[in-house]
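Need coordinates for the following:
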Amino acid sequence: MKNNQIQLTTLDVFLSLCKENNIETWLMGGWGLDFLYSKETRMHCDIDLILDHKDYSSISEVIAGFADRICVNTKQKIKFFKTGIGFDICFFFLIDQQYYLDLDEKDPLVYPMPQNSFPKDNYSMFSDIEARTISWEAQFVAKQGYFYCSNQPLREKDKQDLYLIRNNLSESLEKLEKLLPGIEKEKLGLTPFQK
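Residues are numbered from 1 along each chain as shown. As a prediction, this is how the structure comes out:
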């Protein structure tokens with residue numbers, strides 16, 4: 001899995017830059033699961049990270065100096081490439097002590113997240129790299145949130161991820177599924193997408 005090793009090396013450099021700039025990051029998606037699970041589960045096509053929305057300007061500056069190419073840079077999502085490795089960054093909000101995941105500016109919904117979604121002191125080690133990861137419960141809601149946001153059937157890898165996630169949850173599926181399909185942005189005072 002040579003490509004995975006290149007991704008890990010690139011991720012390590014990027015996480016070091018974030019740390020130097022006091023930007024808290026959490027891995028999610030496939031690499032987030034591998035770090036939580038402490039083993040490589042499959043080949044990965046990109047690196048998914050999530051940050052607090054308050055760090056949007058800071059991370060944009062770091063990426064401007066790090067990326068070879070920036071494809072998307074909105075307040076909901078940043079996509080960029082470094083040495084051929086794709087990075088997808090999304091953001092969460094903290095409103096009235098509740099976390100919300102904002103996946104896409106065109107999506108009228110934001111997705112409530114479990115209280116334990118973004119542990120600050122819980123680092124995972126994998127391949128000599130230390131990284132924070134979102135919780136198993138947050139992985140579940142993010143994966144299901146993507147399904148609601150994209151309105152597309154789950155891919156085979158998403159189904160495999162959900163199977164792995166479900167086996168590691170400390171909260172019930174019923175409780176987590178109540179967080180979906182989401183809340184309209186206007187109800188939280190967020191600006192909805194304007195055509």
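
Contact partners for the closest residue to residue 18 other than its chain neighbours?
Nearest residue to residue 18 in three dimensions, chain neighbours excluded: residue 25, at 5.0 Å (CB to CB, 6 or more residues apart in numbering). C-betas here are computed from N, CA, C, even on glycine. When contacts are counted by CB atoms under 8 Å, 6 or more residues apart in numbering, residue 25 touches 15, 18, 49-51, 131-132.

Recalculate using a threshold of 6 Å.
Contacts were defined as CB atoms under 6 Å, 6 or more residues apart in numbering; by that measure residue 25 touches 18, 49, 51.

Same check on residue 159?
Contacts of residue 159 (CB under 6 Å, 6+ apart): none.

Report the helix or strand with the lowest average pLDDT across this protein.
Considering only helices and strands, the least confidently modelled element of the chain by mean pLDDT, DSSP states H and E is helix 136-150, at a mean of 81.

what is the mean pLDDT for the helix or strand that contains residue 87?
Residue 87 is part of strand 85-95, with elements assigned from DSSP states H and E. Within the predicted structure, the mean pLDDT of strand 85-95 is 94.

Point out the other helices and strands that it packs with.
The helices and strands touching strand 85-95, judged by 3 or more CB pairs under 6 Å, 6 or more residues apart in numbering; DSSP states H and E, are strand 46-52, strand 77-82, strand 98-102.

What would the longest one look like as PDB? C-alpha coordinates only.
Taking C-alpha atoms only, strand 46-52 is exported to PDB below (Å, rounded to 0.1, in the frame of the first residue of the first chain):
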ATOM      1  CA  ASP A  46      -7.800  11.200   0.000                       C
ATOM      2  CA  ILE A  47      -7.400  12.600   3.600                       C
ATOM      3  CA  ASP A  48     -10.400  13.900   5.400                       C
ATOM      4  CA  LEU A  49     -10.100  16.400   8.200                       C
ATOM      5  CA  ILE A  50     -12.500  18.500  10.200                       C
ATOM      6  CA  LEU A  51     -11.800  21.800  12.100                       C
ATOM      7  CA  ASP A  52     -13.700  24.300  14.200                       C
END
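
now that strand and helix 136-150, what's the angle there?
Regarding strand 46-52 and helix 136-150, their directions subtend 100 degrees when assessed with axes from the mean of the first three to the mean of the last three CA atoms, to 10 degrees.

Can you tell me the strand partners of strand 46-52 and which way each runs?
strand 26-28 (antiparallel), strand 85-95 (parallel) (DSSP bridges).

Show me which residues of the lengthiest helix in the chain are buried.
Criterion DSSP state H: the longest helix present in the chain is helix 2-20. Of the residues in helix 2-20, those buried by neighbour count under the rule 16 or more other CB atoms under 10 Å are 4, 7-8, 10-11, 14-15, 18.
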